[in-house]
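Novice: Any chance you could fold what I've pasted below:
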Amino acid sequence: MDKSFGLLFHLKKENKNYDDQLTVYMRITVDGSYCEISTKRKCSSSSWNASAGRINGKSDQAKAFNSYLDTLQQKVFEAKRKLIETDKEISAESIKDLLLGRNKQRPQMLLEVFKYHNEQIAALVGQEYAPGTLDRYQTSYRHTQSFLDWRYKLKDIDISKLNYEFISEYEFWLKSVRKCGHNTTIKYLSNFKKIIIRCIKNGWLQKDPFIGFNMTKKEVERTALTEYELELLETKKFHIQRLELVKNIFLFSCYTGLAYADVQKLKRSEIVIGIDGEKWIFTKRQKTDSPSRIPLLPVALGILRLYEDDPQCKFRDRVLPVLSNQKMNSYLKEIADSCGINKNLTYHIARHTFATTVTLSNGVPIETVSRMLGHRNIKTTQHYAKILDRKISDDMMDLRQKYRR
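Specialist: Coordinates of the predicted model:
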C-alpha cells in the first residue's frame, strides 16, 4: 500500500540564536510521522518565502541558496527510491538515516558470497547436485580469486563495485593469462554469472554487469568415428593386453554412449533386465546426475562377457577394469595409429560415435537418443544432428560432381 509522503523546508529558531538569522530545516513526513534535519544554512524571516519553501529574490546569492535546497530535495527522493528498490521499510527515520549515513550495512563481498554458495552446493551433492557441478563452481571460485589478485591486488571485492568493465577484464584474464579457449572462457563466466544473479535477487547489486556482454559460444565441430573406422577398430586384434583392454572399453562406450566417468563407475548391479526382457543399463550420469537407460547392443554385451570373471571387477563391483582417463587417451592414440584412423582419438569421441554413427545415422529418433545420452535438454542432442547434416552435404556434393560430368 502506498504511503503518504511530504517534504517541507521551513525556518526554525534555535537556542541562543538572538539575531534575525534562522536555520532552515528540512521536514520529512511519511504517513503522518515526521523528522527534521538541519540544512546548516540560515536565512532571515523577511527573505524567506514560506509557501515556496525557498528564499526570495533573484540575486546570485539567492539562486545559490535555493539551488542548494533543490539538491537536498533531490537527495531525499533518491533515498526514498533506494529504499523502494531494496524492498526496505519507508519511514521518515529510515530516509533520515540513509541521508546521514547511519546504520550503514557492511558491504557484501563477492568471494564470501561465492564461497557460501559453493558450501550449499557441497551439502546437496548426491541429492540435488552432481559432484561435477561442485567441481565446476570450485574451479570458477579459484579463477575469480586469482583474477582479483591479478587485476585489482585484492583478496575480495564489494559486490556493488562490479560492472561491465569487471566482466570484460575477467574475460581477458581467462583468455590471456589462463590460456582458456573461447568456449571454456564462456563456461567459466556462465558459472560466475550464477553468483551475480543470486546477488541481484538478494538486492545486493542493482544492475547486472553482464548486460550487453556477449555470452555466445562458438560452434564446435564434434568428431565421431565413421562406420568404416568403427569396423576397423572392432576387427583389429592387439597382442599387447593394455591396448586390447582400452580398445574394448572404448568400443563399449561407442555402443552405449556412456562418458568415461560413467563407464568407470558403472556397477554390475546397474545391468538389469529391461521392459523387453533384454539387458539394459540403468544408471545416472555423473556430470548431471540425470538418469540414462540404455538397451545393450550385441557388441557391448560381448565386451561385458569378456570381463565377467575379472578379479578387479569382482572386487570393486564394476563391469569393466577402466584405467585412468589420461592413460586411456594416451593408449587410444597408439590404437588409432595402428588402425590407420587419421583422427585425434580421445575417449569422448566414443560418446559422439554412439550419438551419430550408431544411433541417429541408423534412424533412431533424436528424442530416444537424447534420453539414452542422459541429456536434460534436447537442444544438446541436436548438436549431433548437425554433424549428420554436414555428412549429407558432403555426400550430396559428391553426387553433384557426378551429374556435372
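
Novice: Quick check: Leu174 touching Gly181?
Specialist: No - between Leu174 and Gly181 there is no contact under C-beta atoms under 8 Å: 9.5 Å. All C-beta spots, glycine's among them, are computed from the backbone N, C-alpha and C.

Novice: Going by how many neighbours each has, rank these two and give me the top one.
Specialist: Leu174 (23 against 12; other C-beta atoms under 10 Å).

Novice: which ones are touching that one?
Specialist: 143, 147, 180, 184-185, 188-189 (C-beta atoms under 8 Å, 6 or more residues apart in numbering).

Novice: Out of those, which is nearest to Ile84?
Specialist: Lowest distance from Ile84 to the contacts of Leu174 (C-beta to C-beta) belongs to Leu189, with 31.1 Å.

Novice: Surely the closest one and Tyr170 touch.
Specialist: Yes - between Leu189 and Tyr170 there is a contact at 6.9 Å, judged by C-beta under 8 Å.

Novice: Those two: which is more packed in?
Specialist: Tyr170 (23 against 20).

Novice: isn't the more buried one right up against Phe192?
Specialist: Yes - between Tyr170 and Phe192 there is a contact under C-beta under 8 Å: 7.2 Å.

Novice: anything in contact with each of these two?
Specialist: With C-beta under 8 Å, 6+ apart, Tyr170 and Phe192 have common neighbours Thr144.

Novice: for the chain, what spans make up the strands?
Specialist: 5-12, 21-30, 33-44, 48-49, 54-55, 271-273, 279-284, 291-295 (DSSP state E).

Novice: which of those strands is buried the deepest?
Specialist: Of the strands of the chain, the one with the most neighbours on average (mean count of other C-beta atoms under 10 Å) is strand 54-55, at a mean of 20.

Novice: Name the surrounding residues that touch that strand.
Specialist: By C-beta under 8 Å, 6+ apart, the list of residues contacting strand 54-55 reads 9, 43, 47-49, 62, 65-66, 69.

Novice: Helices - which of the contacts of Leu174 land there?
Specialist: 143, 147, 184-185, 188-189 (DSSP state H).

Novice: how many other residues sit next to the closest residue to Met215 other than its chain neighbours?
Specialist: Once flanking residues are discounted, Met215 sits nearest to Ile186: 5.8 Å by C-beta to C-beta, 6 or more residues apart in numbering. Other residues near Ile186 come to 19 when the count uses other C-beta under 10 Å.
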